[in-house]
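*Asks:* Need a 3D model of the sequence below.
(chains A and B)
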Amino acid sequence: MAGEKKLVEQITPRDVDFAAWYTDVVKKAELVDYSSMKGFVVLRPYAYAIWENIQGIADRLFKETGHENVYMPLLIPESLLQKEKDHVKGFAPEVAWVTHGGSEPLTERLCVRPTSETLFCEHYAHIINSWRDLPKLYNQWCSVVRWEKTTRPFLRGREFLWQEGHTAHATAEEAQEETLRMLDVYARIAEEFLAMPVIKGRKTESEKFAGALATYTFECMMQDGKALQSGTTHYFGDGFAKAFGITYTDKENTLRHVFQTSWGISTRIIGGVIMTHGDDSGLVLPPAIAPVQAVVIPVAQHKPGVLEKAAEVADVLKEAGVRVRLDSSDQSPGWKYAEYEMKGVPLRLELGPRDIEAGQCVLAPRTGGKETVPLEGIAAAVKAALDTVQKTLYDRAAQNLQNRITVAHTLEEMAAGTKKGFVKTMWCGAEECEDTVREVTGGVKTRCLPFDQTPVGDVCAVCGKPAGKVLYWGYQY
RNA sequence: CGGGGCGUAGCGCAGUUUGGUAGCGCACUUGCUUUGGGAGCAAGGGGCCGCAAGUUCAAAUCUUGUCGCCCCGACCA
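*Replies:* Residues are numbered from 1 along each chain as shown, chains lettered A, B, ... in the order given. Okay, the predicted model is just below:
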């Protein structure tokens, strides 16, 4: 009877169908609702709260590194988008166009921003005149639109929320430093707060951002062995500056072009959190970004004193800075346990008459196990337990990452290794070898040239020619 | 954009083959009893069957079109 009931709300197990599991979790944890337009979803309060927490962390780190927030227009005139050739070639196939104002056709159509490089460049051309105006370290929080063909909540939408940093510098060196600095900031957000270990590196020529001289990435490993490109930073050199006429006068009174960067992370990273930490009971959230870090479940709450004590405990935790919720609804305790597991709340406190009498409560971390702790000093115990959950999640994910990296020396070994996860090989640098691998494996692409270039051989795993570069490969979302 | 699956109550589905008063479980409302892993009984409320056109005395059911969702490929954060 109870089993039958459970079937109604059941989540498809990960090893049965990982994609179905993902969709189940997204729906049942009440993260998104579909709208009537393909690729456009409603971010429900719980998902938006997660995003706000990620935003809060990122925004603080951006400001600590000297960046300021701005807001650019939603629409880009076609002529402005056209100014940088590689850039427009990369984005033109997936932009949405506005062609009418009211019922009047526009003389020039306007694209809904797929990214805002062109707008920032136009603005920078206006406001940068002297070396004293540099650097410009701007960031924008917004949504962008890209007309994707296949869509999935968080992982690929036609509209998604993100932040895009755009900076302008006096020298190439300074801009290159910025590109790497922000990659480190991203890696820190992922590892320290999202509990997602990363592999940092540089994209190959074929995987670069449209218009960039160099693209850097941090790659995360999901539980099913696929990679998620979670964020990228780009070095533009002075290419955009030349296309848009962004010049300044240096100290020697010489007219020079600026050097630029851009970098972004999006709500896609929430999909990464789901697929990194989730389990067959639902979502599992790292405490650092969980909207509710601890939920207090009163047991036999109609009995005198129980609710009062539960509220008191919740208040103590709130006072101590824990994001806590007391669920005093009249659902059964078992129902509440399952509900908050589904929603990935990192820590559950059970408090019933027996506990109150003994001056204790039960702590049940989402990562497993249960322990009884005294109510005296509960705030410290809860904080310690949250730290443990955060660390356990990171360690598990790091273990998964390590287990899923194989070194390969031949195409056959690569094909086998990519079924499991990342494959690390030597690479000759030829784009043809990238194409060969993609064809042979049906979709494997290069992930990055890792910063750690310790050789694992001396010939290219694809063509057998002498090779000096270490390269990661893998299937990706 | 190719191949496959699917749109019926908030969610999950049956009913479509063979046209004839729209159903089930969960959720929801009210009341009582319950509460340490998705509680029980009773009485209720809720649907232009995705949308549009057609065939018919009659369409959830047949025809055509269209929109959307999911999965697998190709393309992309």
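*Asks:* and after the helix or strand of chain A with the lowest mean pLDDT, which helix or strand comes next?
*Replies:* Lowest on mean pLDDT, DSSP states H and E among the helices and strands of chain A sits helix A:2-9, with a mean of 36. Moving toward the C-terminus from helix A:2-9, the next helix or strand (DSSP states H and E) is helix A:18-28.
*Asks:* Run through the residues that contact the closest residue to RNA strand B within the stretch 1-150 of chain A.
*Replies:* Proximity to RNA strand B, evaluated over the stretch 1-150 of chain A using CB to the nearest atom of the strand, is greatest for A:Lys38 at 2.7 Å. Bear in mind the C-beta positions are built from the backbone N, C-alpha and C, glycine included. Listed by CB atoms under 8 Å, 6 or more residues apart in numbering, the contact set of A:Lys38 reads A:151, A:158.
*Asks:* Find the helix or strand that A:Val373 is a member of.
*Replies:* Going by DSSP H and E, A:Val373 is in strand A:371-374.
*Asks:* Residues contacting that strand, please?
*Replies:* By CB under 8 Å, 6+ apart, the residues outside strand A:371-374 that reach it are A:355, A:359-363, A:381.
*Asks:* let's see 6 Å
*Replies:* Outside strand A:371-374, the residues that touch it by CB atoms under 6 Å, 6 or more residues apart in numbering are A:359-360, A:362-363, A:381.
*Asks:* and if you look at stretch A:99-106?
*Replies:* Applying CB under 6 Å, 6+ apart, the set of residues contacting stretch A:99-106 is A:Arg109.
*Asks:* Spatially, what comes nearest to the residue in the stretch 351-477 of chain A positioned nearest to RNA strand B if we skip its sequence neighbours?
*Replies:* Nearest residue of the stretch 351-477 of chain A to RNA strand B: A:Gly352, at 2.5 Å (CB to the nearest atom of the strand). In this structure, A:Gly352 finds its nearest non-sequential neighbour in A:Val299, 3.2 Å apart by CB to CB, 6 or more residues apart in numbering.
*Asks:* OK, contacts around that neighbour?
*Replies:* A:333, A:350, A:352.
*Asks:* and it, what pLDDT?
*Replies:* pLDDT recorded at A:Val299 is 95.
*Asks:* Distance-wise, check it relative to RNA strand B.
*Replies:* 4 Å (CB to the nearest atom of the strand, to the nearest Å).
*Asks:* before we move on, the earlier item: can you put the contacts of A:Val299 in a markdown table and add secondary structure?
*Replies:* Formatted as a markdown table, the contacts of A:Val299 follow (DSSP: H, G, I helix; E, B strand; the rest coil):
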| residue | secondary structure |
| --- | --- |
| A:Pro333 | helix |
| A:Glu350 | strand |
| A:Gly352 | coil |
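*Asks:* which among those residues gets closest to A:Glu30?
*Replies:* Among the contacts of A:Val299, A:Pro333 lies closest to A:Glu30 (CB to CB), at 20.4 Å.
*Asks:* tally of neighbours for the closest one?
*Replies:* Close neighbours of A:Pro333, defined as other CB atoms under 10 Å, add up to 15.
*Asks:* just A:Lys28 next, same as before
*Replies:* Neighbour count for A:Lys28, taken as other CB under 10 Å: 16.
*Asks:* what residues are up against it?
*Replies:* A:Met342.
*Asks:* Go again with 10 Å.
*Replies:* Neighbouring residues of A:Lys28 by CB atoms under 10 Å, 6 or more residues apart in numbering: A:9-11, A:282-283, A:339, A:342-343.
*Asks:* farthest pair in the residues you listed?
*Replies:* A:Gln10 and A:Lys343 (15.6 Å).
*Asks:* In terms of neighbours, single out the busier of the two.
*Replies:* A:Lys343 (22 against 12).
*Asks:* Leaving out chain neighbours, which residue sits closest to A:Ala96?
*Replies:* A:Val112 is the one closest to A:Ala96 (CB to CB, 6+ apart), at 4.5 Å.
*Asks:* pretty sure that neighbour contacts A:Val95?
*Replies:* Yes: counting by CB atoms under 10 Å, A:Val95 is a contact partner of A:Val112 at 6.8 Å.
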